[in-house]
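Visitor: Predicted model, plus sequence, below.
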Amino acid sequence: MTLDILTPEKKLYSGDATLVQLPGVDGLFEILDKHAPIISALGNGTVKVKSASGDKNFTISGGFVECLNNKVIVCAEGGKAQ
């Protein structure tokens, strides 16, 4: 699947991913390849990205995520790479 992690200031990540773990407002959840369509609010926490090129972590402060047609878009209010 493809993944974009965006903030108002910059794009934190753009590329392929095999798994994305996200801090939902009610707890952590994961999106895997070919996940069903979903839109969800996000809380403060860490976004963990697993891909063929290695694992990456990003700290975000709220936002939302959309998954549709094997593309995941994370729109965060703020964030940075760890």
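Guide: Nice, I can see it. Residues are numbered from 1 along each chain as shown.

Visitor: what's the burial count for Val49?
Guide: By the criterion of other C-beta atoms under 10 Å, Val49 has 24 neighbours. Where C-beta positions appear, they are placed from N, C-alpha and C, glycine not excepted.

Visitor: The helix or strand hosting it pairs with which strands, parallel or anti?
Guide: For Val49, the host element (DSSP states H and E) is strand 38-51. Sheet partners assigned to strand 38-51 using DSSP bridges are listed as strand 19-24 (antiparallel), strand 54-68 (antiparallel).

Visitor: From Lys50, how far off is the most centrally placed residue in the chain?
Guide: Note on the chain: the residue nearest the mean C-alpha position is Val74, at 4.7 Å, using C-alpha atoms, centre = their mean. Plainly put, Val74 is 15 Å away from Lys50 if you go by C-beta to C-beta, to the nearest Å.

Visitor: go on, Asp4?
Guide: In this view, Asp4 and Lys50 are 16 Å apart by C-beta to C-beta.

Visitor: that older thread, please work out which residues outside the strand holding Val49 touch it.
Guide: 3, 5, 13, 15-25, 28-29, 31, 55-67, 74, 76, 79, 82 (C-beta atoms under 8 Å, 6 or more residues apart in numbering).

Visitor: and those residues, which are buried?
Guide: Buried subset of these (neighbour count, 16 or more other C-beta atoms under 10 Å): 3, 5, 13, 17, 19-23, 31, 56, 58-60, 62-63, 65, 67, 74, 76, 79.

Visitor: which residue packs closest to Ala36, ignoring adjacent ones?
Guide: Of all residues not flanking Ala36 in the chain, Cys67 sits nearest, at 7.7 Å (C-beta to C-beta, 6 or more residues apart in numbering).
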